[in-house]
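Undergrad: let me see the structure of the following:
(chains A, B, C, D, E and F)
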Protein chains: 6
Amino acid sequence: MEKIAVFAGSFDPFTLGHESVVHRSVDLFDKIIVAVGVHSGKQPLLKIESRVRMIRDIFEGHNMIFADYFEGLTVDYCRRVKATHMLRGIRTAADFEYERAVAQINKLMLPEVESIFLLTSPEHTPINSTLIRDIIRNGGDASQFLPKGIDIRNYL
Amino acid sequence: MEKIAVFAGSFDPFTLGHESVVHRSVDLFDKIIVAVGVHSGKQPLLKIESRVRMIRDIFEGHNMIFADYFEGLTVDYCRRVKATHMLRGIRTAADFEYERAVAQINKLMLPEVESIFLLTSPEHTPINSTLIRDIIRNGGDASQFLPKGIDIRNYL
Amino acid sequence: MEKIAVFAGSFDPFTLGHESVVHRSVDLFDKIIVAVGVHSGKQPLLKIESRVRMIRDIFEGHNMIFADYFEGLTVDYCRRVKATHMLRGIRTAADFEYERAVAQINKLMLPEVESIFLLTSPEHTPINSTLIRDIIRNGGDASQFLPKGIDIRNYL
Amino acid sequence: MEKIAVFAGSFDPFTLGHESVVHRSVDLFDKIIVAVGVHSGKQPLLKIESRVRMIRDIFEGHNMIFADYFEGLTVDYCRRVKATHMLRGIRTAADFEYERAVAQINKLMLPEVESIFLLTSPEHTPINSTLIRDIIRNGGDASQFLPKGIDIRNYL
Amino acid sequence: MEKIAVFAGSFDPFTLGHESVVHRSVDLFDKIIVAVGVHSGKQPLLKIESRVRMIRDIFEGHNMIFADYFEGLTVDYCRRVKATHMLRGIRTAADFEYERAVAQINKLMLPEVESIFLLTSPEHTPINSTLIRDIIRNGGDASQFLPKGIDIRNYL
Amino acid sequence: MEKIAVFAGSFDPFTLGHESVVHRSVDLFDKIIVAVGVHSGKQPLLKIESRVRMIRDIFEGHNMIFADYFEGLTVDYCRRVKATHMLRGIRTAADFEYERAVAQINKLMLPEVESIFLLTSPEHTPINSTLIRDIIRNGGDASQFLPKGIDIRNYL
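TA: Residues are numbered from 1 along each chain as shown, chains lettered A, B, ... in the order given. Model (predicted):
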């Protein structure tokens, strides 16, 4: 059976920490789909299409890593793309509590898909999208927190 | 003196976890009031009246459990209904930090009312109203997280 | 049915924080048993008998509060004294994680006994027996962390 | 070199806990700037000018403590006022996780400024601006959580 | 390249929670080695050989799951058996903090081995070996926390 | 008044993380005393004298940083050396809970000494003495976690 992992998130923007999670789990799966979840409500920094394009640019040349987006529940998206696993990165103990609840609820709703977690590297631990977004919005230079070669101005 | 507990919350919606907290503390009090707190701002899933009606339906036949709603501070409501205790459920360590601050502030403002905590059962730990609300909003089936016999469509 | 709460712990020594938990839950129960759990292994500060005597002295005149000790599992002791509730105080998020595991395991082993939690008052939050024991062992003055009127030298 | 600390925050309102952090670090620095950060979005209780005025009133007569406000990133403000340190208070473990991320990101963006932390006193631990704001908005009396002599009605 | 996961731990005893972690990750690897780490010092409940035998009994018939034991550092053992991954279960936020430090240190010492985490199911969250050991030592019945068909008396 | 900070700990061994805390707070104080606390009980890796010698070697040439050791309570040692501050590093949320309790108890016993906290840098966060000690005891190479130029074999 093909092993297909969905790595879902807001990715607003996709950071160095997210990239590291994908690279470090690449040999566990046959296919990884980085899927931008669409949530109404919050005022985003980047448009959905820009986020998908940015992820595509970052993983150009990796033919088993795909970028996509979805509306609705993550479990419904996983069902649609026949995912066998959900991939998650955890940074902090606060993250952990939330991730645990989500994973356990997902497991109850879609028992055949298992959630797999990677912890961020020490130097990526403080990097969260909210802080990075704040830097970019205030005109600061966030390039050290983004994947190499990414110029955020191309996606704003 | 009559022992009256107020179990206050948003209850949007009232979950299996909330129900368990009430049932497990029933023999400690003479009267439990499940009180929906009205907060402006957040876009709710259920109207206040629907939440109160839902709680009433769940505890039908239990003549010492009451459903109500209130605006303003919980301590003011407690004073009004002559509560002797506040009842709270705690799910996670993150909950705990917040609940502790609230309980300690309440104690300073209304020293005669004591806060009593129950921990959720393991199988109810991941059930929080935010996740459940998200499932319902996206057309998912959340019935396994709601009290038995409750059809959420009757309250939307 | 008589409501009997067991407040079990090492109580080495019994602190101001422990005392506050008992006083604040006195009107919920018909009887509270403060029960010193005997654990081999750790080098205690106070002998079991001294701890029981100290607790007895602290609650002298309260005829529904009893001091006792027990060996073995807390659930077995609860069964023996026909407890209906276990009483616990929680100080910190770290406490919480541990207390939750214990309460959930106990609930699985003895479903008819419910665990009830009180949070410590802000000024009692830092008081834990390990730190107090350390102060006493090093000849420091710990009286401000112990119940009023208790001279620890009478129990060493 | 002059030691200049920036104590940045929303301070909506400035509480007893904030005041204690400033007083307890006064002898470490030559100058402390209490700087209200301007964030669009959230509906504030107090206007920026009122918050600055309130802080000025609280520290009247302390000629090394200044009140100010700023827009944009804290690191940019620190650069502007030639700060050598950032001063922070931590109340809870949840605070800690967030504060650590912010401090580590700030350190990467502005390595020459060090973040210094003080923990709140036990009796100030439950006091957070969100809860206090809620009390005031609902017409409750929050004076016991505010610096002595401060009448919140003068700043609303 | 063969994907070999090491699931290292004290396993004193191996619980229902441990078993679930192995079963849920079986399709990610070609081979899983459940490896009992030998630590001098703590007074164990089960001898090393008994723990290995118990694990072997539990996974009898699964020809890609192996039981072993090792002395010294986990990273050295991983090097010896040519592991590509370390497998870990996380139960609580307190676990998380410790697991993160261990995983990050291991990554620095053996960069080619990635740590993969699974979260326990809600009903397994309270099950930790220390509590189970305590129950068994005090003559309690811990069979509901152990893998099906395991009679602990055969391993004591 | 001279500002004297005591940085107390077991320092078994003194790590890169400890060194960073000292260097980053050097300009806040007139004198920093790195003081090894003597605790009976635990089986140490390094003798007290070796730890003091190692700290002395690390800070050779810094004439305001001193190495010392003490028995008994930290507050008593602080009183003896006329400390004005206690200096502490915090790595994780679990550390935080413990550090807060210690700092608050110390403040009650010795109100004139203030505790000042620095957070570890991201890359030092996983480095704790227990893990490092474990590596060294098992013959692993821990040099990347120790201050530059330190050969642990000179202190064993």
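Undergrad: name the nearest residue to the residue in chain A that chain C sits nearest to, ignoring sequence neighbours.
TA: Using CB to the nearest CB, the closest approach of chain A to chain C is made by A:Ala93 at 8.8 Å. All C-beta spots, glycine's among them, are computed from the backbone N, C-alpha and C. Leaving aside its sequence neighbours, A:Ala93 sits nearest to E:Ala93 (CB to CB, 6 or more residues apart in numbering or on different chains; 4.4 Å).
Undergrad: report how many residues lie close to that neighbour.
TA: Look at E:Ala93: counted by other CB atoms under 10 Å in any protein chain shown, it has 24 neighbours.
Undergrad: that one contacts A:Thr92, doesn't it?
TA: No. E:Ala93 sits out of contact with A:Thr92 when judged by CB atoms under 8 Å, with a separation of 9.3 Å.
Undergrad: identify the contacts common to the two.
TA: F:Ala93 (CB atoms under 8 Å, 6 or more residues apart in numbering or on different chains).
Undergrad: for the record, mean pLDDT for stretch A:120-132?
TA: The average pLDDT within stretch A:120-132 is 91.
Undergrad: helices of chain A, start to end?
TA: Applying DSSP state H to chain A gives helices spanning A:16-25, A:48-58, A:74-80, A:93-109, A:129-137.
Undergrad: rank those helices by mean pLDDT and give me the bottom one.
TA: helix A:93-109 has the lowest average pLDDT among the helices of chain A, namely a mean of 91.
Undergrad: what's in contact with that one?
TA: With contact meaning CB under 8 Å, 6+ apart, helix A:93-109 is reached by A:73-75, A:86, A:88, A:90, A:113-115, A:117, B:91-94, B:125-128, B:131, B:135, B:140-141, B:144-145, D:93-94, D:97-98, E:90, E:93, E:96-97, E:119, E:121-122, F:92-94.
Undergrad: please repeat the previous calculation with a cut-off of 6 Å.
TA: Under the criterion CB atoms under 6 Å, 6 or more residues apart in numbering or on different chains, residues A:75, A:88, A:90, A:115, B:92, B:94, B:126, B:131, D:97, E:93, E:96-97, E:119, E:122, F:93 lie in contact with helix A:93-109.
Undergrad: cool, and stretch A:40-53?
TA: A:11-13, A:36, A:38, A:67, A:69, A:133, A:155.
Undergrad: A:Asn154: neighbour count?
TA: A count of nearby residues for A:Asn154, using other CB under 10 Å, gives 10.
Undergrad: contacting residues around it?
TA: A:Asn154 neighbours (CB under 6 Å, 6+ apart): none.
Undergrad: can you do 10 Å?
TA: A:50, A:53-54, A:57 (CB atoms under 10 Å, 6 or more residues apart in numbering or on different chains).
Undergrad: measure it to A:Ile58 for me?
TA: To A:Ile58, A:Asn154 is 12 Å away according to CB to CB, to the nearest Å.
Undergrad: just how off-centre is stretch A:42-52 within its chain?
TA: 13 Å (CA atoms, centre = their mean, to the nearest Å).
Undergrad: let me fix that, I meant to ask about stretch A:18-31.
TA: 11 Å.
Undergrad: list only buried entries from the contacts of A:Asn154.
TA: Restricting these to buried positions leaves A:50, A:54, with burial counted as 16 or more other CB atoms under 10 Å in any protein chain shown.
Undergrad: nearest to chain D, of the contacts of A:Asn154?
TA: A:Met54 (20.4 Å).
Undergrad: that closest one reaches A:Arg153, doesn't it?
TA: No. With contact defined as CB atoms under 10 Å, A:Met54 does not count as touching A:Arg153 (11.5 Å).
Undergrad: now do the closest residue to chain E within chain A: how many residues are near it, please.
TA: For chain A, the residue closest to chain E is A:Phe117, as judged by CB to the nearest CB, at 4.0 Å. Using other CB under 10 Å, A:Phe117 has 25 neighbouring residues.
Undergrad: who's in contact with the nearest residue to A:Thr74 once chain neighbours are set aside?
TA: Nearest non-adjacent residue to A:Thr74, counting by CB to CB, 6+ apart: A:Ala8, 4.9 Å away. Contacts were defined as CB under 10 Å, 6+ apart; by that measure A:Ala8 touches A:33-37, A:68-70, A:74-75, A:77-78, A:83, A:86-88.
Undergrad: what does A:Ser143 give?
TA: Taking CB under 10 Å, 6+ apart, we find A:Ser143 in contact with A:16, A:135-136, A:149-152.
Undergrad: and what of A:Tyr155?
TA: Contacts for A:Tyr155 were tallied using CB under 10 Å, 6+ apart; they are A:13-14, A:45-47, A:49-51, A:53-54, A:57, A:146.
Undergrad: for B:Phe29, state which of those is nearest.
TA: B:Phe29 has its nearest neighbour among the contacts of A:Tyr155 in A:Leu45, at 49.1 Å by CB to CB.
Undergrad: tell me how far that closest one lies from A:Asn154.
TA: For A:Leu45, the distance to A:Asn154 - CB to CB - is 13 Å.
Undergrad: got it, and A:Leu28?
TA: From A:Leu28 over to A:Asn154 the distance is 31 Å, taken as CB to CB.
Undergrad: A:Gln43 now?
TA: Going from A:Gln43 to A:Asn154 by CB to CB gives 21 Å.
Undergrad: try A:Gly72
TA: A:Gly72 sits 29 Å away from A:Asn154, going by CB to CB.
Undergrad: what about A:Tyr77, how many neighbours?
TA: By other CB under 10 Å, 20 other residues sit near A:Tyr77.
Undergrad: just give the nearest non-adjacent residue to it, would you?
TA: A:Phe70 (4.1 Å).
Undergrad: check contacts around the one you found.
TA: A:6, A:8, A:33, A:35-38, A:48, A:76-78, A:80-81.
Undergrad: returning to that earlier point: pLDDT value on the residue nearest to A:Thr74, please?
TA: On the pLDDT scale, A:Ala8 gets 97.
Undergrad: and it, bridged to which residues?
TA: Counting by DSSP bridges, A:Ala8 forms beta bridges with A:Ala35.
Undergrad: now A:Arg88
TA: Bridge pairing for A:Arg88 - DSSP bridges - gives A:Phe117.
Undergrad: so who does it touch?
TA: Shown here is A:Arg88, whose contacts under the criterion CB under 10 Å, 6+ apart are A:5-9, A:21, A:95, A:99, A:102-103, A:115-118, E:117, E:119.
Undergrad: what about it, distance to A:Asp95?
TA: Separation of A:Arg88 from A:Asp95 (CB to CB): 9 Å.
Undergrad: go on, A:Gln104?
TA: Counting by CB to CB - A:Gln104 and A:Asp95 are separated by 15 Å.
Undergrad: again, but for A:Phe145
TA: In terms of CB to CB, A:Phe145 sits 17 Å off from A:Asp95.
Undergrad: for those two, indicate the residue with more neighbours.
TA: With neighbours defined as other CB under 10 Å, A:Phe145 and A:Asp95 compare such that A:Phe145 has more, 23 against 20.
Undergrad: which pLDDT value belongs to that one?
TA: So, for A:Phe145, pLDDT stands at 96.
Undergrad: does it really touch A:Ile132, like I thought?
TA: Yes. Here A:Phe145 reaches A:Ile132: they are 5.1 Å apart, a contact under CB under 10 Å.
Undergrad: now the common contact residues for those two.
TA: By CB under 10 Å, 6+ apart, A:Phe145 and A:Ile132 have these common neighbours: A:13, A:15-17, A:152, D:105.
Undergrad: which of the residues you listed are buried?
TA: Among the shared contacts of A:Phe145 and A:Ile132, those classed as buried by 16+ other CB under 10 Å are A:13, A:15-17, A:152, D:105.
Undergrad: and the gap between the closest residue to chain B within chain A and E:Leu16?
TA: Shortest chain A-to-chain B distance, computed as CB to the nearest CB: residue-wise this is A:Gln104, at 3.7 Å. As judged by CB to CB, A:Gln104 and E:Leu16 stand 16 Å apart.
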